[in-house]
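Student: give the three-dimensional model of this entry:
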Amino acid sequence: MNNIKAFILFFGTASFIFYLFTFFTVMMLNVLIEKRLPVKYVFGVSGIVLAVFYVLMFSGRGFHINFLWNLSFYLAVLIMYVLFLSVIIKLISLPFHFSPALNFIILTVSVIFIFVHGFYNAAKLNIKTIDITSEKISRPYKFVQISDVHLGTESLHFLENIIARINDISPDLVFITGDLLDDDNLKPEDIKLFSKMNPPAYFITGNHERYLQNTDDFFKDCKVVTTLDHNRRYDVFNEEITVYGLEWNRNNVMNKRSEQAVYFDNIETDRKKFNIFLNHEPALYDEAEAKGMDLMLSGHTHNGQIFPFWLFVRMRYKYMHGLYDIGNMKLYVTSGTGVWGPFMRVLTENEIVVLNLLPLK
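Tutor: Sure, this is the predicted structure:
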């Protein structure tokens, strides 16, 4: 019952905010092009837009039609940018006395530019290189981190490109830090693409794997990828490196606590070794550092993905994107290798992260 009440509250609040946002967008568009649309029509248009949004979203998700599901996000993004740009263009136009027609042309060109820029950034793969030193290793290592690929929003062809880039980099290890999968139509055989990847990899689930069905066995028959979860919380890579991995928020059957809450309870690290901790969300960093982790790798934030959403992500996460020092531990939060929802990135980029671990001389 509490879950139902929470859903109703969330759904009602989200609907009200979306409707209010749409209402002000239509009003501001009226001001920009100097039309005198009656308020009752503004209410009506806003209601129609809200209805279209939910038809696209629920039909897309309910019938697994990704095009309709993604179209609902494009509609929301379009409304957001029309509102912001209308306000900015109107303020700029006041001292210069732009005509309504010119205002509308500037708005249209600006929206088109933002969407084209967003599509281009979403399709592009960037290599981010980071150097880290440690006195615990005797030779250099090269690691690659990918995260938030979101197969479903992204295509299998996109994954092929990622694997090809990884093979070109030739790392010692690959870390897949969650939200690789994002489509119920995906089958384990689709992930056989990873058999083409030369280096071994470790995989942990993110929140989107938990939303799907039967994702635990996707890498069961894949000799390249090792899954770290509640059954295997860590794996010894060699005499110098151990990799630890936390799966996303599975409740512990014995004490009803989440996997996050119990993860470190029965783990004792060898502090002479270089210990790497994989956690999809940039959380538990203080606990990881206290347990003797040397490097923590996370994703989840997308670095906001679409400006100005990064403002809300910044309010939620202390460490949103980049390399951070947490006591004796390094934390890297990637912006992600793919996108979720609208196939767009505005003022952010996809990245494949190359981590060079070097001996401290």
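Student: how distant is stretch 175-187 from the center of its chain?
Tutor: 12 Å (CA atoms, centre = their mean, to the nearest Å).
Student: ignore what I typed, I meant stretch 83-97.
Tutor: Here the centre of stretch 83-97 is set off from its chain's centre by 33 Å, with CA atoms, centre = their mean.
Student: stretch 228-247 now?
Tutor: For stretch 228-247 - counting by CA atoms, centre = their mean - the centre lies 23 Å from the chain centre.
Student: next, the distance between the ends of that stretch.
Tutor: This stretch, stretch 228-247, spans 7 Å end to end (CA to CA, to the nearest Å).
Student: name the element D235 belongs to?
Tutor: According to DSSP states H and E, D235 maps onto strand 234-236.
Student: flag every buried residue along that strand.
Tutor: Across strand 234-236, burial judged by 16 or more other CB atoms under 10 Å covers Y234. In short, each C-beta sits where N, CA and C put it, glycine included.
Student: so what strands line up beside that strand?
Tutor: Here strand 234-236 has these sheet partners by DSSP bridges: strand 241-246 (antiparallel).
Student: contacts for the partner strand, please.
Tutor: Contacts of strand 241-246 from elsewhere in the structure, counted by CB atoms under 8 Å, 6 or more residues apart in numbering, are 137, 141, 173, 175, 202-204, 228-229, 233-237, 259-260, 263, 267, 269-270, 273-280, 284, 293.
Student: then stretch 50-70?
Tutor: Applying CB under 8 Å, 6+ apart, the set of residues contacting stretch 50-70 is 15, 18-19, 22, 71-72, 75-76, 152-153, 183-185, 341-343.
Student: off-centre distance for that stretch?
Tutor: The gap between the average C-alpha position of stretch 50-70 and the chain average comes to 20 Å, counting by CA atoms, centre = their mean.
Student: average model confidence for that stretch?
Tutor: Along stretch 50-70, the predicted local confidence has a mean pLDDT of 82.
Student: would you map the helices across the stretch 201-350 of the chain?
Tutor: Applying DSSP state H, counting those that start in this stretch to the stretch 201-350 of the chain gives helices spanning 207-211, 259-262, 285-290, 310-316.
Student: identify whichever of these lies nearest to V45.
Tutor: Taking CB to CB, helix 310-316 is the member of these nearest to V45, at 26.3 Å.
Student: what residues sit buried inside the closest one?
Tutor: Result for helix 310-316 [16+ other CB under 10 Å]: buried residues W310, V313.
Student: kindly report the same for stretch 70-89.
Tutor: Applying a neighbour-count criterion of 16+ other CB under 10 Å, one finds 70-86, 89 buried in stretch 70-89.
Student: chain center to stretch 340-359: distance?
Tutor: Taking the mean C-alpha point of stretch 340-359 and that of its whole chain, the gap between them comes to 10 Å (CA atoms, centre = their mean).
Student: what's the first-to-last distance across that stretch?
Tutor: With CA to CA as the measure, stretch 340-359 spans 37 Å from end to end.
Student: what about the stretch 1-150 of the chain, any weak spots by pLDDT?
Tutor: 1-7, 10 (pLDDT under 70).
Student: all strands of it, in order?
Tutor: For the stretch 1-150 of the chain, the strands defined by DSSP state E, counting those that start in this stretch cover 126-134, 141-146.
Student: can you name the residues that contact Y324?
Tutor: Residues counted as contacts of Y324 (CB under 8 Å, 6+ apart) are K330, L331, Y332, V333.
Student: returning to that earlier point: of the strands of the stretch 1-150 of the chain, give the one that comes closest to T108.
Tutor: strand 126-134 (29.5 Å).
Student: ok, the nearest residue to M197 once chain neighbours are set aside to F119 distance?
Tutor: For M197, ignoring the flanking residues on the chain, the nearest one in space by CB to CB, 6 or more residues apart in numbering is I163 at 4.9 Å. Taken as CB to CB, to the nearest Å, the spacing of I163 relative to F119 amounts to 23 Å.
Student: which of those two has more neighbours?
Tutor: It is I163, of I163 and F119, that has more neighbours when counted by other CB atoms under 10 Å, with 18 against 14.
Student: quick one: the helix or strand that contains the more buried one to strand 141-146, angle?
Tutor: Under the criterion DSSP H and E, the helix or strand holding I163 is helix 156-169. If you take axes from the mean of the first three to the mean of the last three CA atoms, to 10 degrees, helix 156-169 sits at 170 degrees to strand 141-146.
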